[in-house]
Each structure stands twice: as structure tokens, then as C-alpha cells.
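>>> One predicted model, sequence on top.
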Amino acid sequence: VDRRPLEKITNFLKRKDMSKASKRASRSELRHANASAVRVHDCINENDRRERVKEIDRLINDGQQRLLELRCEKDALQQRPNPLYNYTTTTTLETSNKMSNTTRKFNFPHPEIVEEYLHHLFEYRRLVKLNHTKLWRRDQSCGDCDDEDDSFTDDERDLRVGDARTRHSARENGEYKGGNWFLRRASLGSKIGEAIETAAYRAVCTAVMGVLARTISSIHGTNIMTHADVRLLKELNQARASRHERGQSSDGVSRKVDSAAGLESENFMQRDAVVETLISHCQISAPLLKLFPLAWQRALLANIITLITAIMSDFADGIQFHILGYQLSFSFKPITQEDMMRYVGAAGHGAHLTSGFEAAVQATAKDVSASFTFLDKWHERALGSLMVRAQIATLIARIVLFLADDVLSGANMNLWSRQAGGPRMVAGLEYRSSLNTVT
């Protein structure tokens, strides 16, 4: 039997199957190539969009800076300066023409206002200074084992030696919460703590007062229907002037107000929770805080929170607007238990976005650190000032982003939802992705 035709047919079928398999493989490779090309194109488009967003932010910042310059020039031309700014006019000669340039600098609050306000808080015990000696003092739970005393029995002395060994092990493992032993022994901790406390109160008070005052100063120069402008004027505080003339601290009415404010601060139910949340962020951002006892960190942070809330509460109490026979006022008070229940019931509807938080903190800290002008001398850099600046910048970035996210996620903005079925608006802080490369 001649098998050659059968072999030809078999070979032909094999070649046909191989051709089909090759076509299928090529089609699969083509699909994979197209998918990869699409992914690369999407990544390129994503990078292009991200770069465009950065460019738009830069243009907006430039526009805002230009707007501030125009407002400053308008104040100078109208001779109606903003009372919360200091203006400086410089004149230059260009091609036999005089060119004047006016700049301004925010000048509130004055240092004497900050000092007087802090004295006011201390006087009425709305804010209590820390007892640094007590916070740094070594008791039996954190003392040293070499403090021998004949009054102790052998069993008690053995217990003290065992506690000291436990503390030594915790110190080696980085779990010791008592602060640096050298600062405690040399009494430098109390002195450094007092200096830090005073500087922190002044800095926080100046910053918060400045931010709140800027919201008021921003309405100066606002145009109303082309032919009218809003103008701010600064009046003399008659109560403050009469108080200085009499040499007294306050009158009976202000004492009642301060007593009510102190009562509100005592009803601050969330103080401990807020302190513990923020102190965890502080310890993550600034490892140098381990030099100080945990009790000192917690007490200082609690006082700073009390100071900020007192400033905001007093600011809200001082703002009033009269509209059509009504009075618009603001209230800043501690959250009650009923408010907490409503907040828990509404949880899950907010836009509390936390993805990308760490990347946003690091990027923001890098920008903040670049803007610092202190600890920049060569000998300070040699002593490690760059590390201190980096930790301060990280601490600022983390706290600001966390507080902004917390305020926005807890906001309750109802557009007449109960009366007319309007929408309830929620907000949150959305962090931009840190992906900058195509993969």
C-alpha cells in the first residue's frame, strides 16, 4: 500500500494546526501588547493630569499673590489702609519717572496683646501653668536603685532593685517613658521645659489669633455693586483703656463671662481623647520628644489644646452681626454627650479619606522644612539642626493635615434638609497620589 498520500495529508494537517496555534499566539501577544500600551498610555495621561494640576495650583497661587498686590495698591490709592496691616511705600526713578511701590505686612496681634491675654487666662485659671518640678520628679516608680536608705527593709530594698532592673531593661528597649536621665539629674529638664512652655504659649496664641484676625481683615476693600467698598476701622477698646486707668484687672461682668468660660472648659468631655490622639501623632513625627517624660508631653499638649479652644471661644463670642432686626452670632463650646451620639449615628456618611496620608505628610513636611529660616547657620547644621528642622516640619504637617481632615469629616452642613428636604453636604480631605513614575 502506498502511504505517501496519507503522510502528505498528515503533514498538511500538522502544518495547518501549527499555523492556527501560531496565529492564536500572535493574537494573544497582540492583545497583551495592546493592553500594555493602554496601561502605559493611561499612566502617561495620569502623569500629565497630575502635572497639569500642579501647574494650575501654581497659577492659582500666582493669581492670589497678584490679587493681594492689587488690593494693597488699591488701599494706597484710596488712602484707606487696612488697620491690621503696616504699609510701606518705596519710590524709584525709572527713565525720569517716579515709580512708587506699596507693600504691606500683617501686624496683628501685637506682643502686648498676647501677653495680656495669656495673663488674663492665668489670672482666672482658665489655663494653669505646668509644675515642671513635679513632672520631672522621681518617685518610687521611676527612681534609681542607688538611692539607698537605712529606713528600708531588706525586702523593700530587693523590690527597689528589681524595679530598677525593670526600668533599665525598658530603657534599653526604648520603652522607658520617664525622659532623659541626664536632663532629670542635672535639673535641666525643668528649666528647658519652662522655656518650651512659655515659647509654645506665645507662638500658639500669636498664630491662632493671627489666623482668626485675617478672616476679619479679608473683608476690607470688598467691592459692593461697583460704587461702594467695605472699609474696616479700628476703634479704641474702652474697656481695656478704663481698666488700665483704674489699674484693675476686670469688672464684674467680665468676671461672670470668664467664670462661664471656665465652666465650659471643665465640661470638655473629649479632652483626654483628643490629647491621646494628637500625642501619638507627635511621637511619630518627633522622636526627640522621648527626651521628655510622657506625663510632661501630655500635660503640655493638654494646655495647648485648652489655649486654642479658649482663643477660638473668645473670638466667637466677640463676633456679632445685625441683619434685618436679627442678630447673627457664633458659639464655640465643647461637644456634649447628645452631640456625640448624633455624630456616632451619622458616622459612615462623611467623606473621611485617609488613603495617602503618610505620603502627603512627607511631601508637606519637605515643603515646610524648606521654608524655615532658623537653625540654618553652619555650626547649627553641624550640630544636627537639619534633623530638628525635619522633625518640626513633619510634626507641623502631620498635625495640620490631621486637624483639617478631622474638622472637615465632622462637619454637619444641611441645606434646609429638615425643612424642605434639601441635601446634606459632607466634606473630607482628599490626598493626592504620590505616584510619579510609569510602571
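Arrived safely, thanks for sending.

>>> can you give me phi and psi for Phe292?
Per-residue torsions, Phe292: phi -110, psi 150 (degrees, to the nearest 10).

>>> so for the helix or strand harbouring Glu116, what's the average pLDDT?
Glu116 is located in helix 111-123, with elements delineated by DSSP states H and E. Across helix 111-123, pLDDT averages out at 94.

>>> Counting neighbours, which bits of it end up buried?
Neighbour counts using 16 or more other CB atoms under 10 Å place 114, 117-118, 120-121 of helix 111-123 among the buried residues. For every residue, glycine as well, the C-beta is placed using N, CA and C.

>>> just stretch 391-406 next, same as before
391-398, 401-402, 405.

>>> Tell me which of those residues fall in helices.
391-398, 401-402, 405 (DSSP state H).

>>> Among the residues you listed, which one sits closest to Leu328?
When these are compared for distance to Leu328 (CB to CB), Asp405 wins out at 28.1 Å.

>>> State whether the closest one and Leu429 are indeed in contact, as I suppose.
Yes - counting by CB atoms under 8 Å, Asp405 does reach Leu429; the two are 4.0 Å apart.

>>> and the strand or helix carrying Gly189, what other elements does it pack with?
Per DSSP H and E: Gly189 is located in helix 188-217. If contacts are counted by 3 or more CB pairs under 8 Å, 6 or more residues apart in numbering; DSSP states H and E, helix 188-217 sits against strand 97-106, helix 111-123, helix 132-136, helix 181-185, helix 294-317.

>>> Please enumerate residues in contact with stretch 68-78?
The contact list for stretch 68-78, computed with CB atoms under 8 Å, 6 or more residues apart in numbering, reads 81-82, 87, 89, 100, 102-104, 220-221, 229.

>>> pLDDT check: weakest of those?
Ser100 (79).

>>> Quickly note the distance from that residue to Ala420.
54 Å (CB to CB, to the nearest Å).

>>> More neighbours: the two, which one.
Neighbours per residue, other CB atoms under 10 Å: of Ser100 and Ala420, the larger number sits with Ser100, 10 against 7.

>>> which residues touch the more buried one?
76, 89-92 are the contacts of Ser100 under CB under 8 Å, 6+ apart.

>>> and if we set it to 7 Å?
89, 91 (CB atoms under 7 Å, 6 or more residues apart in numbering).

>>> What residues are bridge-paired with it?
For Ser100, the beta-bridge partners under DSSP bridges are Thr91.

>>> Please report how far it lies from Cys72.
For Ser100, the distance to Cys72 - CB to CB - is 12 Å.

>>> so Ala286 touches Arg389, yeah?
No - using CB atoms under 7 Å, Ala286 is not in contact with Arg389; the gap is 11.1 Å.

>>> per-residue confidence averaged over the host helix or strand of Lys366?
For Lys366, the enclosing helix or strand under DSSP H and E is helix 357-371. Helix 357-371 shows an average pLDDT of 88 in the prediction.

>>> buried residues in that helix?
Buried-residue list, helix 357-371, by 16+ other CB under 10 Å: 360-361, 364-365, 368-369.

>>> try stretch 420-435
For stretch 420-435, by 16+ other CB under 10 Å, it's 426, 428-429, 431.

>>> got it, and stretch 307-322?
Under 16+ other CB under 10 Å, the buried positions of stretch 307-322 are 307, 309-315.

>>> Export those as a markdown table, with columns for distance to Lys191 and pLDDT.
Shown next, in a markdown table, are the buried residues of stretch 307-322 (distance: CB to CB, whole Å; pLDDT from 0 to 100):
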| residue | distance to Lys191 | pLDDT |
| --- | --- | --- |
| Leu307 | 22 | 94 |
| Thr309 | 28 | 93 |
| Ala310 | 27 | 94 |
| Ile311 | 27 | 95 |
| Met312 | 31 | 94 |
| Ser313 | 32 | 93 |
| Asp314 | 31 | 94 |
| Phe315 | 33 | 94 |
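
>>> Farthest pair within those?
Top of the distance list for those (CB to CB): Leu307 and Phe315, 12.6 Å.

>>> Leaving out chain neighbours, which residue sits closest to Arg214?
Phe106 (6.9 Å; CB to CB, 6 or more residues apart in numbering).

>>> One more: Thr92?
Met99 (5.0 Å).

>>> same thing with Asn180?
Nearest non-adjacent residue to Asn180 (CB to CB, 6+ apart): Leu291, at 4.4 Å.

>>> Ok, Glu276 next?
Nearest one to Glu276, counting by CB to CB, 6+ apart, is Arg298 at 8.0 Å.

>>> got it, and Tyr87?
Arg104 (4.8 Å).

>>> The one you found: neighbour count?
20.

>>> Looks like it contacts Asn86 (just checking).
Yes - counting by CB under 7 Å, Asn86 is a contact partner of Arg104 at 6.5 Å.

>>> tell me, what's touching these two both at once?
Between them, Arg104 and Asn86 share no contacting residue, judged by CB under 7 Å, 6+ apart.

>>> closest to Met269 among the ones in helices among the buried residues of stretch 391-406?
Taking those together and measuring to Met269 by CB to CB, the closest member is Phe402, at 19.9 Å.

>>> for the closest one, what are its contacts?
By CB under 7 Å, 6+ apart, the neighbours of Phe402 are His281.

>>> Retrieve the pLDDT associated with it.
89.

>>> any idea how far it is from Thr364?
From Phe402 to Thr364 the distance is 11 Å (CB to CB).

>>> In CSV: the buried residues of stretch 420-435, plus secondary structure, pLDDT and distance to Leu236.
As requested, the buried residues of stretch 420-435 are exported to CSV (DSSP: H, G, I helix; E, B strand; the rest coil; pLDDT from 0 to 100; distance: CB to CB, whole Å):
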residue, secondary structure, pLDDT, distance to Leu236
Val426, coil, 86, 44
Gly428, coil, 83, 44
Leu429, coil, 84, 41
Tyr431, coil, 84, 46
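
>>> Throw those residues into a markdown table and include distance to Met413, thanks.
Converted to a markdown table, those look like this (distance: CB to CB, whole Å):
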| residue | distance to Met413 |
| --- | --- |
| Val426 | 7 |
| Gly428 | 12 |
| Leu429 | 15 |
| Tyr431 | 21 |
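
>>> What is the nearest of those residues to Arg137?
The closest of these, once distances to Arg137 are taken by CB to CB, is Leu429, at 41.2 Å.

>>> now the buried residues of stretch 391-406 as TSV including distance to Gly210?
What follows is these, written out as TSV (distance: CB to CB, whole Å):
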residue	distance to Gly210
Gln391	24
Ile392	19
Ala393	20
Thr394	23
Leu395	19
Ile396	15
Ala397	19
Arg398	21
Leu401	20
Phe402	21
Asp405	22
